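Enquirer: pasting the sequence and the predicted coordinates here, then a few questions.
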Amino acid sequence: MNKALLGILLGGVLGVFDGLSALVSEPSVAPEIVGIVIGSTTKGLIAGALIGWFARRVDHLALGILFGVLVAGAFAALVVLLDGRGLWWQLMLPGCTLGAIVGFATQKYGARPRSA
């Protein structure tokens, strides 16, 4: 599977778990969980696409992980700022973890693009 597709799929799947982690870290958001999971899945898909795009261009494991953490962390920080509740650790930790995992997986297990 190519790196971009792997990033999108893995980002989407991990985005679901990122959203569900809200029930553990902040149980008061239970009535909003459907919207949280949909938003986290969308955020994971977009971050996964960007991380996969980077992995296709740069073949370096450490840079892939760093880029994943930075991209997913930026999306998580945006959500924290828009939410206004100040849940920095509750949103940043799962988001950055998603980025690190997708960055690692796309570099390690994604197929390299074929040369023409």
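Expert: Done, it's in.

Enquirer: ok, Ile46 to Pro31 distance?
Expert: 25 Å (C-beta to C-beta, to the nearest Å). (Each C-beta comes from the backbone N, C-alpha and C, glycine too.)

Enquirer: neighbour count winner among these two?
Expert: Ile46 (17 against 7; other C-beta atoms under 10 Å).

Enquirer: please, which helix or strand holds the nearest residue to the more buried one once chain neighbours are set aside?
Expert: Counting by C-beta to C-beta, 6 or more residues apart in numbering, Ile46 lies nearest to Phe75, which is 7.1 Å off, once chain neighbours are set aside. If you go by DSSP states H and E, Phe75 is part of helix 61-83.

Enquirer: next, the angle from the helix or strand following that helix to helix 61-83.
Expert: Where DSSP H and E defines the elements, the next helix or strand beyond helix 61-83 is helix 88-109. Angle of helix 88-109 versus helix 61-83, following axes from the mean of the first three to the mean of the last three C-alpha atoms, to 10 degrees, is 150 degrees.

Enquirer: can I get helix 88-109 as PDB, trimmed to CA atoms?
Expert: Output of helix 88-109 as PDB, limited to C-alpha atoms (Å, rounded to 0.1, in the frame of the first residue of the first chain):
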ATOM      1  CA  TRP A  88      -4.800  21.100  26.400                       C
ATOM      2  CA  TRP A  89      -3.500  17.800  27.700                       C
ATOM      3  CA  GLN A  90      -6.700  16.000  27.100                       C
ATOM      4  CA  LEU A  91      -6.600  16.900  23.400                       C
ATOM      5  CA  MET A  92      -2.900  17.300  22.600                       C
ATOM      6  CA  LEU A  93      -1.700  14.000  24.000                       C
ATOM      7  CA  PRO A  94      -4.000  11.700  21.900                       C
ATOM      8  CA  GLY A  95      -3.600  14.000  18.900                       C
ATOM      9  CA  CYS A  96       0.200  13.900  19.000                       C
ATOM     10  CA  THR A  97       0.200  10.200  19.600                       C
ATOM     11  CA  LEU A  98      -1.900   9.700  16.500                       C
ATOM     12  CA  GLY A  99       0.600  11.800  14.500                       C
ATOM     13  CA  ALA A 100       3.600   9.800  15.900                       C
ATOM     14  CA  ILE A 101       2.000   6.500  15.000                       C
ATOM     15  CA  VAL A 102       0.900   7.500  11.500                       C
ATOM     16  CA  GLY A 103       4.300   9.100  10.900                       C
ATOM     17  CA  PHE A 104       6.100   5.900  12.000                       C
ATOM     18  CA  ALA A 105       3.800   3.600  10.000                       C
ATOM     19  CA  THR A 106       3.900   5.500   6.800                       C
ATOM     20  CA  GLN A 107       7.700   5.600   6.800                       C
ATOM     21  CA  LYS A 108       8.200   2.000   8.000                       C
ATOM     22  CA  TYR A 109       5.400   0.100   6.200                       C
END
